[in-house]
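Engineer: prediction below, plus the sequence it came from.
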Amino acid sequence: MRYPLFRLSIFVLAAVWPLLWLYQAWIFALGPDPGKVLVDRLGLGGLIFLLITLGMTPLQRMTGWAGWIVVRRQLGLWCFAYIALHLCAYLFFILGLDWGQLTVELRKRPYIIVGVLGFLGLLALAVTSNRYSQRRLGARWKRLHKLAYVILGLGLLHFLWIVRADLKEWSVYAVIGVALLLTRVPAILQRLPRFAGRKSGSVTKV
Amino acid sequence: MLIKFPRASDSSESEVTPESLYLSRRSLLGASMAGLAIAGLPAWARAAEASRYADVEAGSPPAWFTEKLPGVRWQAVNVQGEAITPFKDATHYNNFYEFGTDKGDPAENAGSLPTSPWTVVIDGEVGKPGRYALEDFMKPYQLEERIYRLRCVEAWSMVIPWLGFPLSALLKAVEPTSRAKYIRFETLQDPKHMPGQRSGFALIDWPYVEGLRMDEAMNPLAILAVGMYGRELPNQNGAPLRLVVPWKYGFKSVKSIVRISLVAEQPQTTWQKIAPDEYGFYANVNPTVDHPRWTQARERRLPSGLFSPNVRETQMFNGYAEEVASLYTGLDLRKNY
């Protein structure tokens, strides 16, 4: 395993937030509606991890350091973990485990439908993230994992639809998301500044 | 690990009123008894009177407010079998977008708002228009304590003891003309002290405007509040003067009012303007009419704990149907949401 320390620190850094929030909720430091705060933070955390994950490839292109690609899968899985927790927190704190209401929400609320579609996409990516699936799917694996871009779009739409009156925060994430998508355009990819002389022709397999 | 999925009908431990709140209810009763006893004492002896509610931060009340306190009719309206939301929660979990969109922003940013001196303008279809200094505006009214449920359109709720006076008393005093059909309220516009009004991304067209139909405004439940938890309003809760209409979603209860106009046409209200398919003029609490983006059938009663989501059924007109349902007979509440 390459870059074990880097991987481990990413793992610790990602794991520590939900634990900290849970602790804060436990000691009543999240205010009178801790469930809602947890739902919001986990959702936003998931989006941030998705953006970071998508940032790894351009970073690798720019710096030539293979470490970025080594942690890409782990970051993607953290995105999935946060969104899975986000969903659980929503079911528990917002719906109060009312399954009947869940079916109503799934039929009637566009932002819930979009959110669930995004989650299903993440689920598909998470279960095919192992080496076995990579081998089995071969060339199709790469195509399947392009779904990450669709999921980003769904996530941003889901986020947009819960905004009530101020678009500032959303705009920040949307701009970063769009910028990351633009780095996938070949013409822009060619022009990305390179900080290291090393040629990075082949993307290292993890 | 054993995970228990409670049935909806099960009452969970979380629904039991915490002992501290139950006890504070007792101390409230005790305090009101003591209040009766103390009322006979001269003012200097009263200064040491313990706060009526637990953990209430002392404010710096204007003189006119302090003068009115001894005459307050405590618990003029109460709620049955409900615990009052702790002061800290009612003052640190607020929607007051003038100070920012996060729930904690108002408590953080509202402190510097100057609320004294304060001027209220009365205009429109009235016999007695005018500009009043708040202390003159308040002169005729005795304060009452109204303990009301507060239901936010975002599906959370609280129980808050307000101090105020019936809006109907003001309306009678200003002598509406026969053309007055609606009442329009306007919040202060002061970008210097209200950071939310400086945001370039806000969808709101300031100042914040709300309105009521005349008969709604005349309903005895509608009050103008100047205090809560036995003290003057904290800035983040709409100091120094706000509306409280408990059968409507919280956003109707406009804060930091500077202008009250009686008008012939239904005023266009702020949320209605931003999203007319989501927020109507009436905005009555109604569990059967969903917000397009979320259900209104249930609400989270705050404070809720990590293991006690405290989700409960929302009541028609927030539990005030007996008092207000007659205002809407013959009106299709699905269309007039």
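Structural biologist: Nice, I can see it.

Engineer: what does chain A put close to chain B?
Structural biologist: A:22, A:25-26, A:28, A:31-36, A:92-98, A:101, A:104-105, A:108-111, A:161-162, A:164-168, A:171 (Cβ under 8 Å from any Cβ of the partner chain). Placement of C-beta: from N, CA and C, glycine included.

Engineer: so which of these sit within helices?
Structural biologist: Among the residues of chain A next to chain B, the members falling in helices (DSSP state H) are A:22, A:25-26, A:34-36, A:101, A:104-105, A:108, A:110-111, A:168, A:171.

Engineer: list just the nearest of those to B:Arg298.
Structural biologist: A:Gln101 (7.5 Å; Cβ to Cβ).

Engineer: doesn't B:Ala297 make contact with that closest one?
Structural biologist: Yes. Here A:Gln101 reaches B:Ala297: they are 7.3 Å apart, a contact under Cβ atoms under 8 Å.

Engineer: which of the residues of chain A next to chain B are buried?
Structural biologist: When the residues of chain A next to chain B are checked for burial by 16 or more other Cβ atoms under 10 Å in any protein chain shown, the buried set is A:25, A:31-36, A:92-96, A:98, A:101, A:105, A:109, A:111, A:161, A:164-167.

Engineer: under the pLDDT cut-off, which ranges of chain B? List them.
Structural biologist: B:1-50 (pLDDT under 70).

Engineer: contact residues of it facing chain A?
Structural biologist: Contact residues (Cβ under 8 Å from any Cβ) of chain B with chain A: B:5-6, B:8, B:85-86, B:89, B:92-93, B:97, B:101, B:103-104, B:154, B:156, B:158, B:196, B:199-204, B:274, B:290, B:293-295, B:297-298, B:300, B:302-306, B:309, B:311.

Engineer: restricted to helices, list the residues you listed.
Structural biologist: B:Asp89, B:His92, B:Ile274.

Engineer: which one is the last one nearest to, not counting chain neighbours?
Structural biologist: Read it as B:Ile274. Leaving aside its sequence neighbours, B:Ile274 sits nearest to B:Leu203 (Cβ to Cβ, 6 or more residues apart in numbering or on different chains; 5.2 Å).

Engineer: count of neighbours near the one you found?
Structural biologist: By the other Cβ atoms under 10 Å in any protein chain shown criterion, the neighbourhood of B:Leu203 contains 16 residues.

Engineer: wait, what's in contact with B:Ser51?
Structural biologist: For B:Ser51, the contacting residues are B:Ala58, B:Tyr229, B:Gly230, B:Arg231, by Cβ atoms under 8 Å, 6 or more residues apart in numbering or on different chains.

Engineer: which stretches of chain A form helices?
Structural biologist: Under the criterion DSSP H, helices of chain A are mapped to A:4-26, A:34-63, A:67-70, A:72-89, A:99-108, A:110-127, A:131-137, A:139-145, A:147-160, A:168-182, A:186-191.

Engineer: got the contact list for stretch A:47-57?
Structural biologist: For stretch A:47-57, contacts defined as Cβ under 8 Å, 6+ apart pick out A:14, A:68-69, A:71-72, A:75-76, A:78-79, A:82, A:148-149, A:151-152, A:155-156, A:159, A:173, A:176-177, A:180-181, A:183, A:203.

Engineer: the residue nearest the centre of chain A and A:Gln60: what is the separation?
Structural biologist: By Cα atoms, centre = their mean, chain A has its centre lying nearest to A:Leu50, at 2.5 Å. Distance, A:Leu50 to A:Gln60, by Cβ to Cβ, to the nearest Å: 17 Å.

Engineer: got the buried residues for stretch B:94-106?
Structural biologist: Result for stretch B:94-106 [16+ other Cβ under 10 Å]: buried residues B:Asn94, B:Asn95, B:Phe96, B:Tyr97, B:Glu98, B:Phe99, B:Gly100, B:Thr101, B:Asp102, B:Lys103, B:Asp105, B:Pro106.

Engineer: helix/strand/coil for the second one?
Structural biologist: When classified by DSSP: H, G, I helix; E, B strand; the rest coil, B:Asn95 comes out as coil.

Engineer: is it in contact with B:Leu150, as I believe?
Structural biologist: No. With contacts counted by Cβ under 8 Å, B:Asn95 stays clear of B:Leu150, the gap being 10.7 Å.

Engineer: now do the shared contacts for those two.
Structural biologist: By Cβ under 8 Å, 6+ apart, the residues touching both B:Asn95 and B:Leu150 are B:Gly250.

Engineer: what sits against whichever residue of the stretch 51-200 of chain B sits closest to chain A?
Structural biologist: The nearest approach of the stretch 51-200 of chain B to chain A comes at B:Asp89, 3.7 Å away (Cβ to the nearest Cβ). Taking Cβ under 8 Å, 6+ apart as the contact definition, B:Asp89 lies against A:Gly31, A:Pro32, B:Met158, B:Leu302, B:Pro303.

Engineer: quick check: domain ranges of chain B?
Structural biologist: B:18-50, B:56-328 (automatic domain parsing).

Engineer: in chain A, where is pLDDT below threshold?
Structural biologist: A:196-206.

Engineer: so how many other residues sit close to B:Asn318?
Structural biologist: Quick note: B:Asn318 (other Cβ under 10 Å) scores 25 neighbours.

Engineer: quick one: the residue nearest the centre of chain B from B:Thr314, how far?
Structural biologist: In chain B, the residue lying closest to the centroid (Cα atoms, centre = their mean) is B:Val244, at 3.9 Å. Separation of B:Val244 from B:Thr314 (Cβ to Cβ) stands at 18 Å.

Engineer: likewise A:Ser171?
Structural biologist: From A:Ser171 to B:Thr314 the distance is 33 Å (Cβ to Cβ).
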